[in-house]
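Novice: structure for this input, please:
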Amino acid sequence: MEKMQFLNYEKFTPRLYQELIAATAVKKNTLCILPTGLGKTFIAILVSAYKLEESIDSKILMIAPTRPLVNQHLETFKKSMYVDESKLIGLTGKIHRDDRKVLYEKGQVFFTTPQIVRNDVDNKILNLEKFSLLIIDECHRSVKQYAYTEVTERYFKSALKPLVLGLTASPGGIKDKIDEVKKNLRIEAVEIRTEKDEDVKPYVKETEVHRVYVEFPEEFQKISRLLKDVYEEKISALIRARLLQSSRVSKREILDLQMELGKMYSETKDYAVARMLVVCAQTIKIEHAIGLLETQGIVQLNKYFLEMEKNKSSANKHLLNDVKVLQAIKLTKELYLNGTEHPKLGKLLEIIKKDVSEKKNTKIIVFANYRDTVERIVKLLNKSGIEAREFIGQAKKSGKGLSQKEQIQLLNEFGYEIFNVLVCTSIGEEGLSIPAVDIVMFYEPVPSEIRTIQRRGRTGRTETGKVIFLITKGTRDESYYWTAYHKEKRMRSIIDTMKENNSEKRKVSDWLE
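Specialist: Numbers count the residues shown, from 1 in each chain. From the prediction side, this is the model:
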């Protein structure tokens with residue numbers, strides 16, 4: 001691409017693959033699939049600069065799923081573009097709607113979440129007519145009636161010259177889902193780069209993947225057997241009621257059944273339906289308890305049982321009258337009072353201690369699904385003389401959280417090597433500009449290939465990285481690891497096929513030209 005007046009080339013030198021992708025994206029609605037850390041935002045900047053040069057009066061909108069991501073994109077655009085900063089605007093729900101209306105009129109490039117755009121369009125605060133480009137970050141979310149899809153619908157209805165650029169590192173392992181994303185975004189061209197592409201190879205470092213197994217302790221297994229017996233009894237009751245066909249059933253299927261029964265009960269007020277609703281709720285609760293025991297530990301399970309005892313719902317009352325559940329609670333309390341921890345915690349400490357002793361300024365990210373677990377890991381590491389910090393989302397109704405300002409400050413401190421270990425919930429997965437790290441640790445595997453790819457992408461950016469999965473033998477840790485592994489394989493196969501199809505189409509179009 002030729003040099004553009006709106007680009008700050010001192011701060012940003014486009015790579016060849018970024019320019020090639022942008023060259024397609026300025027002409028057609030484009031889905032860009034590019035591994036984490038290879039500069040998807042800079043492709044958005046290239047396309048934005050082109051559209052502004054093409055029409056100085058046009059406006060641009062970039063949407064992202066979270067406020068920290070929105071803020072990050074705003075800052076990247078400010079550094080990389082010669083556009084009056086007062087015309088680069090980040091919008092949140094905290095800005096009054098009347099003030100947002102004024103900003104929409106004065107600004108030129110906007111960064112916000114899809115929910116704000118949808119609501120502002122519906123409330124006649126925002127008119128998308130003059131918007132010449134819609135950039136959708138993490139566009140694999142453009143399925144069903146997620147806000148992304150609703151924004152795209154409104155954009156195509158209003159914009160005089162619509163153009164969409166969808167960005168993702170992981171479109172998912174189901175072809176139908178990828179096709180749905182393409183349909184919802186009205187995609188005309190797909191630009192794909194993988195680590196194998198010649199123009200990408202120089203910017204990709206190797207990542208070693210290690211599976212570290214721990215035994216599931218016998219005393220944990222006793223509790224597990226009791227809970228699994230109760231779970232099987234509840235599933236059998238649902239099968240007898242002809243609500244399920246098989247005992248091999250996923251959590252999602254039980255949740256869907258619960259939703260169906262809830263609708264049925266609200267219409268009929270039938271006692272038999274209410275009874276099955278309670279059984280459904282019990283099944284979900286016991287399944288969750290087993291998951292906590294297998295993947296998190298005694299402290300988390302004990303806390304969950306205490307919450308059950310406090311909450312006097314019908315499902316809890318019935319469960320707390322079950323002899324096997326009471327026995328499981330008793331054994332859990334005994335282990336809790338003895339200070340018994342999940343063996344993964346000790347293994348995590350051992351690995352991190354070794355790495356810190358070998359490299360003082362090492363940077364490690366640990367991902368854990370639950371805030372309670374994040375807290376325990378941080379306490380253990382700090383107690384052992386290793387500098388660690390929690391990186392969690394904003395405060396919920398109960399409990400603490402980090403404000404957006406605190407999150408940014410924490411990431412800066414991590415980048416400046418003020419501490420070694422950042423322990424994250426899922427907030428650390430999507431897109432956030434977390435400094436390059438030496439090791440990414442999964443305290444527990446996740447069954448989603450998208451989340452696995454996002455977590456793993458935090459390392460191997462500037463030098464060789466290492467990814468470590470902590471896996472408890474014979475538990476859902478193992479099944480979740482292999483589920484994500486096979487889903488990712490499927491996704492890569494789909495992407496390879498899409499690449500081949502793209503190449504064939506290009507050869508034909510070159511010949512026609």
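Novice: report the longest helix in this protein, please.
Specialist: Assignment by DSSP state H gives helix 476-512 as the longest helix of the chain.
Novice: okay, buried residues for that one please.
Specialist: Neighbour counts over helix 476-512 (16 or more other C-beta atoms under 10 Å) mark 476-478, 480-481, 483-485, 487-488, 491, 494-495, 498-499 as buried. C-beta: built from backbone N, CA, C; applies to glycine.
Novice: helices and strands around the host helix or strand of residue 299, which ones?
Specialist: Using DSSP states H and E, residue 299 maps to helix 298-310. If you count contacts as 3 or more C-beta pairs under 8 Å, 6 or more residues apart in numbering; DSSP states H and E, helix 298-310 packs onto helix 271-295, helix 314-319, helix 323-337, helix 371-383.
Novice: what lies in contact with it?
Specialist: Helix 298-310 has contacts (C-beta atoms under 8 Å, 6 or more residues apart in numbering) with 220, 223, 285, 288-289, 292-293, 316, 319-320, 329, 332-333, 335-336, 340-342, 370, 372-373, 376.
Novice: still on that earlier bit, so which of the helices and strands packed on helix 298-310 comes closest to residue 427?
Specialist: For the helices and strands packed on helix 298-310, the distance to residue 427 is smallest for helix 371-383, at 10.2 Å, taking C-beta to C-beta.
Novice: any idea which helix or strand comes after that closest one?
Specialist: Elements were assigned by DSSP H and E; along the chain past helix 371-383, the next helix or strand is strand 388-391.
Novice: what helices and strands are in contact with that following strand?
Specialist: Using 3+ C-beta pairs under 8 Å, 6+ apart: strand 388-391 touches helix 371-383, helix 404-415, strand 421-424.
Novice: dump these into CSV; add mean pLDDT and distance to residue 187 as well.
Specialist: Listed next are the helices and strands packed on strand 388-391 as CSV, based on pLDDT from 0 to 100; distance: least, C-beta to C-beta, whole Å:
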stretch, mean pLDDT, distance to residue 187
helix 371-383, 95, 37
helix 404-415, 85, 32
strand 421-424, 95, 32
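Novice: these: which one's closest to residue 162?
Specialist: Closest approach to residue 162 among the helices and strands packed on strand 388-391 is made by helix 404-415 (30.7 Å; C-beta to C-beta).
Novice: got a list of contacts for the helix or strand containing residue 452?
Specialist: For residue 452, the host element (DSSP H and E) is helix 449-456. Residues from elsewhere that reach helix 449-456 (C-beta under 8 Å, 6+ apart): 36, 140, 169-170, 172-173, 207, 209, 365, 367, 426, 428-431, 440, 442, 445-446, 467, 484, 487-488, 490-491.
Novice: what's the angle from it to helix 476-512?
Specialist: Angle, helix 449-456 to helix 476-512, by axes from the mean of the first three to the mean of the last three C-alpha atoms, to 10 degrees: 90 degrees.
Novice: quick one: residues contacting residue 422.
Specialist: Applying C-beta under 8 Å, 6+ apart, the residues contacting residue 422 are 363, 364, 365, 366, 388, 389, 391, 410, 414, 428, 434, 437.
Novice: which of the contacts of helix 298-310 are buried?
Specialist: Buried among the contacts of helix 298-310 (16+ other C-beta under 10 Å): 220, 223, 285, 289, 292-293, 316, 319, 329, 332, 335-336, 340-342, 370, 372-373, 376.
Novice: for residue 144, give its distance to residue 247.
Specialist: Residue 144 is 29 Å from residue 247, where distance means C-beta to C-beta, to the nearest Å.
Novice: in contact with residue 104, which residues?
Specialist: 110, 120, 125, 126, 127.
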